[in-house]
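Engineer: Sequence and predicted structure below; questions after.
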Amino acid sequence: MRLLLALFASMTLSACSVERPPGGVVGDPVRGKIALTQYACQSCHLIPGVPGSKVYVGRPLSEMGQRKVLAGSVPNDQAGLVRWIRDPQAIDPHTAMPNMGVSERDALDMSAYLLSH
Ligand code: HEC
């Protein structure tokens, strides 16, 4: 029984740590993870797999693959994520999230990483 439980636990664990984004998502999640740390997104967000991020200025960016809506109004698909990351004020002029000058490619890779979780 204990063996079965352990087996089940390791199966579900490995299912959660899949590094490949779901179908239809483009960009490089490995590069995206690096870009997230380079732009220091973890200074405001808890980000899965990024050490040192235990801050809650913005919402945790965990389970982004499951969420339907971003920042209260944007459909949470890859296009919506890229749009938000590159220019949050264009969507919500009052948001506390700064425009960080993220390039199109970096935003695409970041979204690929976030959507794989
Ligand atoms: C100065 C703090 C700050 C920094 C730095 C920051 N954010 Fe944010 N972020 C916020 C806040 C505050 C919100 C909430 C906005 C809202 O809900 O209106 C937010 C919202 C978001 C959302 C929507 C989350 C949701 O659940 O709706 C995403 C995605 C996001 N940020 C990604 C990033 C990425 C990627 C970076 C790095 C390029 C970054 N943020 C840098 C403060 C920050």
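Structural biologist: The structure has been received and is ready for your questions. Residues are numbered from 1 along each chain as shown.

Engineer: which residues of the protein fall in strands?
Structural biologist: Along the chain, counting by DSSP state E, strands occupy 69-70, 74-75.

Engineer: Of all those, which one is nearest residue 62?
Structural biologist: Nearest to residue 62, of all the strands of the chain, is strand 69-70, at 13.6 Å by C-beta to C-beta. The way it works is simple: take the backbone N, C-alpha and C, and place the C-beta from them, glycine included.

Engineer: circling back: could you single out the most deeply buried of the strands of the chain?
Structural biologist: Highest mean neighbour count among those (mean count of other C-beta atoms under 10 Å): strand 69-70, with a mean of 15.

Engineer: per-residue pLDDT, residue 20?
Structural biologist: Looking at residue 20, its pLDDT is 56.

Engineer: Residue 61 too?
Structural biologist: Here, the pLDDT recorded for residue 61 equals 95.
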